[in-house]
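Visitor: pasting the sequence and the predicted coordinates here, then a few questions.
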Amino acid sequence: MENERPGSPGVVDAAGHTSLLIRGARVVSPPPGEGYRRGPEMNRLRIWERADLLIRDGRIDELAEEIPPRPGTRVVEAEGRVVVPGFVDAHTHACWAGSRLDEWDLRRAGAGYSEILAAGGGILSTVRAVRACSEMGLAASLRVRLGWLLQEGTTAVEVKSGYGLEPDSELRMLRAIRRAGDHWSGRVVATACLGHALDPDHPDPVGMIVDEALSLVHEEFPEVAIDAYCEEGAWSVEECVRLFRAARALDHPIRVHADQFNSLGMVEEALSLGARSIDHLEATTPQDLRRLAASEAAGVILPISGFHLDDRYADGRALIDEGGAVVVATNWNPGSAPSPSIPLAMGLAVRKNGLTPAEALTAVTANPAHLLGIQDAGWIGPGRRADLVLLRWRDERELAHTLGGSPVLLVVCGGRIVAGPAA
């Protein structure tokens, strides 16, 4: 047995020793259960004031007040620090090429997001860079970003395509996402964001996506969710509905970016088509929030976008109070949300979207795990996959309270310590 202090945590070695004991932790988790936590359920956490966690073969073997150390087991002394489930980031555009720093200069000088997009910047500048990049190049840059996510405590992540805008480039992005995920300790779920922007160089960009790209994506990625960005200057409600009806006919689940800047009626249409989630919601009307809350879909709020762009935020408080299921995600991308930090998203969700710290924790663990179909993530218990974050703090509320600086002391992913001083 080897005892390690949090400042120098023990590692599960690569020789096949997969037994790890985290001792003396404050264990905080959404309660066991399937499906979304909705309404008041989002504010309920299960807390072990002082507990030991024994991990074997990648899973939590035992959770008890005291577990005697066994020979050959690595021991990490938590000393009362908080252990929470690994974070699940259910909305990112983390696969990209190029830079948007010039666009940031323009925005700080007063140019609006739609104005930049209309001038060929914004998403379109990233599209040009992605089209010029190889699959291997995209996968390599994504692998680097996945490493950053682990450092922030994220052990499962959704990554969208959407910077290709035409069949070959979209497929190249999806292959790169798959390739990068195959070499990562955590879980990557790909989404085909086929309706992102409109290719200005194609005479029928919507037809190209619906009639060509969708069928090719279906052949190679038959279960991937199909997404679209419904907004002025991007895809209209009618164009999104056309794509989604075609996707549903092929049995693809659907998700949608809606109401980031304008309420165009996409929420009602998406719910009628059985969307898994409605994402953004900054401009959503109270009536549409009630519709969403009463549906089976989740509302995905993205406060880093509001913080970076225009200080506008979805009314997460109203959505929860109406009985809805809320997910908090980073929307990590090179333009409108340049941050991989779930802790930052949590802090903003409490300050700007009206969530409590407990609701914010549920919104980055149990609820996004269900949205992405990852059945063994999101809460802590025996038999669950050992995706865990040991925080620097002894009070879980610090996750939402403290801004800046990493709250993560070490990250266990699939039973292995993958981030921290000795990872």
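Guide: Received it, and whenever you're ready, just let me know what you need.

Visitor: so where does residue 319 fall, helix or strand?
Guide: helix 316-321 (DSSP states H and E).

Visitor: check which residues of whatever helix or strand comes next after that helix are buried.
Guide: Using DSSP H and E, the helix or strand that follows helix 316-321 towards the C-terminus is strand 325-328. Of all the residues in strand 325-328, those buried under the rule 16 or more other C-beta atoms under 10 Å are 325-328. The C-beta positions use only the backbone N, C-alpha and C, and glycine is treated the same way.

Visitor: of those, which is the nearest to residue 207?
Guide: Nearest to residue 207 among these is residue 327, at 32.1 Å by C-beta to C-beta.

Visitor: the closest one touches residue 297, doesn't it?
Guide: No. Using C-beta atoms under 8 Å, residue 327 is not in contact with residue 297, being 10.3 Å away.

Visitor: overlap in contacts, those two.
Guide: Here residue 327 and residue 297 have residue 277 as joint contacts, going by C-beta atoms under 8 Å, 6 or more residues apart in numbering.

Visitor: how about residue 376, what does it touch?
Guide: Contacts of residue 376 by C-beta under 8 Å, 6+ apart are 384-385.

Visitor: so what pLDDT did it get?
Guide: We have a pLDDT of 96 for residue 376.

Visitor: and for residue 69?
Guide: On the pLDDT scale, residue 69 gets 87.

Visitor: count the neighbours of it for me.
Guide: For residue 69, the count of nearby residues is 16 (other C-beta atoms under 10 Å).

Visitor: what kind of secondary structure is it in?
Guide: coil (DSSP: H, G, I helix; E, B strand; the rest coil).

Visitor: give me the element residue 146 is part of.
Guide: Taking DSSP H and E as the definition, one finds residue 146 inside helix 135-151.

Visitor: what packs against that helix?
Guide: Applying 3 or more C-beta pairs under 8 Å, 6 or more residues apart in numbering; DSSP states H and E, one finds that helix 135-151 makes contact with strand 154-160, helix 167-182, strand 408-413, strand 416-419.

Visitor: export these to JSON lines and tack on mean pLDDT, distance to residue 293 and mean neighbour count?
Guide: Below are the helices and strands packed on helix 135-151 laid out as JSON lines (pLDDT from 0 to 100; distance: least, C-beta to C-beta, whole Å; neighbours: other C-beta atoms under 10 Å):
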{"stretch": "strand 154-160", "mean pLDDT": "98", "distance to residue 293": "22", "mean neighbour count": "28"}
{"stretch": "helix 167-182", "mean pLDDT": "98", "distance to residue 293": "31", "mean neighbour count": "21"}
{"stretch": "strand 408-413", "mean pLDDT": "97", "distance to residue 293": "32", "mean neighbour count": "26"}
{"stretch": "strand 416-419", "mean pLDDT": "92", "distance to residue 293": "36", "mean neighbour count": "22"}
